[in-house]
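# got a sequence here, can you model it:
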Amino acid sequence: MQPQLTDEKRPKHPYFMHDMILDQPSALHATLETCKKGAPDISSYWEGSNKFVLTGCGTSYHAALASSYMLYALFQKTEAVAIQAFEVKHYYSLLKPGCLLMAFSHTGFTKTTVDAMAKAKESGARTFSLTGVRDSPIAKESGRFLVVGNGKEKSRAHTVSYTCAILAAMYLSAYYTQSQTSSGAANAILEQFNDVPQSVLSTIEHCEKQIAELSSSLSKTSQFFFLGSGPNVATAYEASLKMKETNYAIAEGMETEQFLHGPWVSLKPSSAVFLAATKGPSHNRNVDLLKICKDLSVPTVVITDDKHLLELAGDSIFMPDISEELSPLEYIVPLQLFAYYTSLFKGTNPDTIHYDDSKFWAARQVIFPPGTH
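Here you go, the predicted structure:
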């Protein structure tokens, strides 16, 4: 039987989503300790893999995408690719012995992802999963699995399970790389993980009031664009999804360069552009983006550790220094809060993602028959 959300329903702030956002420092710390204990066995199971395919659906796919960049950065002799689970199941034909399929599923019941894992096993590939539920189909289907977080998420708008899954995948990837190659870069990143829970806590404490004010001032925005490059393409996708789920906004998440190749012409003063931007290769294009937004009178909000971008932004959240590969763990947090507070100003319940409406619940049964999600 599929696990259900708590029967309790909150009619006002703080909704469960807010609890879950604030629980992230504790959950990330717990996940990190779990990873440290499980890493030697998991790394041994991964040994000999020459290709990593990371997969999931929805928020879990975004976690897979963000996590894949750690393998790009640290272990460049090994191919790593993030592919949506339906695509893996029905269209992807390159799974074979020597591959490792890393699957992400918060509940562990997502049938599409379980089916992708079954296909990987049939192809002779190894399988590994990250989930919040030990006794779940995806855990049973996996050659190895790791339970992450502080328990099942209480809001349907997933936040803490997203960051915990990313942290686990990234930590295990860095540990595996270091064990295989004695990589100094991997060892340095492993040390940075210890600072992540406290850094996320500091980010929440530093920016929550400002985010609430931004949500109020931008609550009548007609369309939101969330942009990022490299690992933060996933941040852009996930921020857009959270806006759609919690307050039903018209929102798009895109890679920054892709946005500059056409979609930017739809900008208008009633739009808003959010940019997740670390110091790195995208700097010059981020500058170009902010300049055109200013010329077109489009409000901008930049989440960054790049002081030069602060000078060009309409509003900004200044972030602590962190490696670009790890930045999705922290850069999503202000955007989770923005989605949450925007739902308050719009009068929506961020926990239910419209499932409290009988028509939407009936539609959900078509999309996900009982026991498939």
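
# so where do the helices sit in the stretch 151-300 of the chain?
Secondary structure of the stretch 151-300 of the chain (DSSP state H, counting those that start in this stretch): helices at 160-181, 184-193, 196-217, 232-247, 256-259, 283-295.

# mean pLDDT lowest for which of the ones you listed?
Lowest mean pLDDT of the helices of the stretch 151-300 of the chain: helix 184-193, a mean of 89.

# that one: which residues count as buried?
185-186, 189-190, 192-193 (16 or more other Cβ atoms under 10 Å). All C-beta atoms are positioned from the backbone trio N, CA, C, and that covers glycine.

# chain center to that helix: distance?
In this view, helix 184-193 has its centroid 21 Å away from the chain centroid, taken as Cα atoms, centre = their mean, to the nearest Å.

# tell me the helices and strands packed up against it.
helix 59-74, helix 160-181 (3 or more Cβ pairs under 8 Å, 6 or more residues apart in numbering; DSSP states H and E).

# which one of those lies closest to residue 29?
helix 160-181 (9.7 Å; Cβ to Cβ).

# format the helices of the stretch 151-300 of the chain as a markdown table; extra columns: distance to residue 52.
A markdown table is the format used below for the helices of the stretch 151-300 of the chain (distance: least, Cβ to Cβ, whole Å):
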| stretch | distance to residue 52 |
| --- | --- |
| helix 160-181 | 8 |
| helix 184-193 | 15 |
| helix 196-217 | 22 |
| helix 232-247 | 16 |
| helix 256-259 | 24 |
| helix 283-295 | 28 |
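
# re earlier: with respect to residue 96, which of the buried residues of helix 184-193 is nearest?
residue 186 (26.1 Å).

# so that closest one touches residue 177, yeah?
Yes. At 4.2 Å, residue 186 counts as touching residue 177 under the criterion of Cβ atoms under 8 Å.

# name the residue closest to the centre of this protein, please.
Residue closest to the average C-alpha location in the chain (Cα atoms, centre = their mean): residue 63, at 4.1 Å.

# gap between that residue and residue 219?
28 Å (Cβ to Cβ, to the nearest Å).

# kindly report the same for residue 294.
22 Å.

# again, but for residue 365
32 Å.

# try residue 86
Taking Cβ to Cβ, one finds residue 86 at 34 Å from residue 219.

# which secondary element of the protein has the worst mean pLDDT?
Lowest by mean pLDDT, DSSP states H and E among the helices and strands of the chain is helix 184-193, with a mean of 89.

# using PDB, write out every CA atom in that one.
Only the C-alpha atoms of helix 184-193 are listed here, as PDB (Å, rounded to 0.1, in the frame of the first residue of the first chain):
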ATOM      1  CA  GLY A 184      42.700  16.100  -4.500                       C
ATOM      2  CA  ALA A 185      39.700  17.900  -5.900                       C
ATOM      3  CA  ALA A 186      37.400  15.200  -4.600                       C
ATOM      4  CA  ASN A 187      39.000  15.300  -1.200                       C
ATOM      5  CA  ALA A 188      38.600  19.000  -1.000                       C
ATOM      6  CA  ILE A 189      34.900  18.800  -1.900                       C
ATOM      7  CA  LEU A 190      34.400  16.000   0.600                       C
ATOM      8  CA  GLU A 191      35.600  18.500   3.300                       C
ATOM      9  CA  GLN A 192      33.100  21.100   2.100                       C
ATOM     10  CA  PHE A 193      30.100  18.800   2.800                       C
END
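
# quick one: contacts of that helix?
The contact list for helix 184-193 (Cβ atoms under 8 Å, 6 or more residues apart in numbering) reads 32, 70, 73-75, 167, 170-171, 174-175, 177-178, 322-323, 325-326.

# try stretch 107-127
In contact with stretch 107-127 (Cβ under 8 Å, 6+ apart) are residues 2-3, 45-46, 49, 53, 55-57, 60, 85-86, 88-89, 95-101, 103-105, 129, 131-133, 136-139, 141-144, 152, 371-373.

# and those residues, which of them are buried?
By 16+ other Cβ under 10 Å, these give 45-46, 49, 53, 55-57, 60, 85-86, 88-89, 95, 99-101, 103-105, 129, 131-133, 136-139, 141-144, 373 as buried.
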